[in-house]
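**Student:** Take a look and give me a structure for this.
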Amino acid sequence: MAKIFVRERTHVDKGEGQPRFAIVGVQGTDLKIFKAHVRRVELEAIAQAVDAEIVNLPRGSGEHEEEDGGHRRRGRRKHGTGGHAASA
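**Tutor:** Next up, the predicted model:
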């Protein structure tokens, strides 16, 4: 049976209107995921359609936050050089 591995997102609460689950990986199916964050009902519908089991991954205990003084990086990382593409 195929498996869909998910975890609950850390900064989203119930009733916030944002998808609460992040898809971490899929095993045993040709399923392609185009959205990494989904709602519970969407996740269950996908799993039922591809006959997959949903595997909930445990959240971390937050120990890594204490090691660096409790600070977490916020915002998005920048990819690439940050400059404009060179013209040829």
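**Student:** all strands of the protein, in order?
**Tutor:** Chain-ordered strands for the chain, with DSSP state E as the definition, fall at 2-8, 21-27, 37-38, 52-56.
**Student:** Quickly note the distance from residue 49 to residue 4.
**Tutor:** Distance, residue 49 to residue 4, using C-beta to C-beta, to the nearest Å: 11 Å. The way it works is simple: take the backbone N, C-alpha and C, and place the C-beta from them, glycine included.
**Student:** Ok, residue 37 next?
**Tutor:** 13 Å.
**Student:** shared neighbours, the two?
**Tutor:** Overlap between the contact sets of residue 37 and residue 4, as judged by C-beta atoms under 8 Å, 6 or more residues apart in numbering, is given by residue 23.
**Student:** With neighbour numbers in mind, choose between those two.
**Tutor:** Neighbours per residue, other C-beta atoms under 10 Å: of residue 37 and residue 4, the larger number sits with residue 4, 25 against 14.
**Student:** bridging residues for the more buried one?
**Tutor:** With DSSP bridges applied, the residues forming beta bridges to residue 4 are residue 26, residue 54.
**Student:** Thought residue 55 was touching it, still the case?
**Tutor:** Yes: at 6.8 Å, residue 4 and residue 55 qualify as touching, with contact defined as C-beta atoms under 8 Å.
**Student:** can you pull the contacts of the closest residue to residue 53 other than its chain neighbours?
**Tutor:** Distances taken as C-beta to C-beta, 6 or more residues apart in numbering put residue 3 closest to residue 53, at 5.1 Å, once the chain neighbours are dropped. For residue 3, the contacting residues are 26-28, 52-55, by C-beta under 8 Å, 6+ apart.
**Student:** 7 Å instead, please
**Tutor:** 27-28, 52-53, 55 (C-beta atoms under 7 Å, 6 or more residues apart in numbering).
**Student:** Same check on residue 7?
**Tutor:** When the contact criterion is C-beta under 7 Å, 6+ apart, the partners of residue 7 are 22, 24, 57, 59.
**Student:** related to what we said a few turns ago, if we compare the strands of the chain, which one ends up closest to residue 44?
**Tutor:** When these are compared for distance to residue 44 using C-beta to C-beta, the nearest one is strand 52-56, at 7.1 Å.
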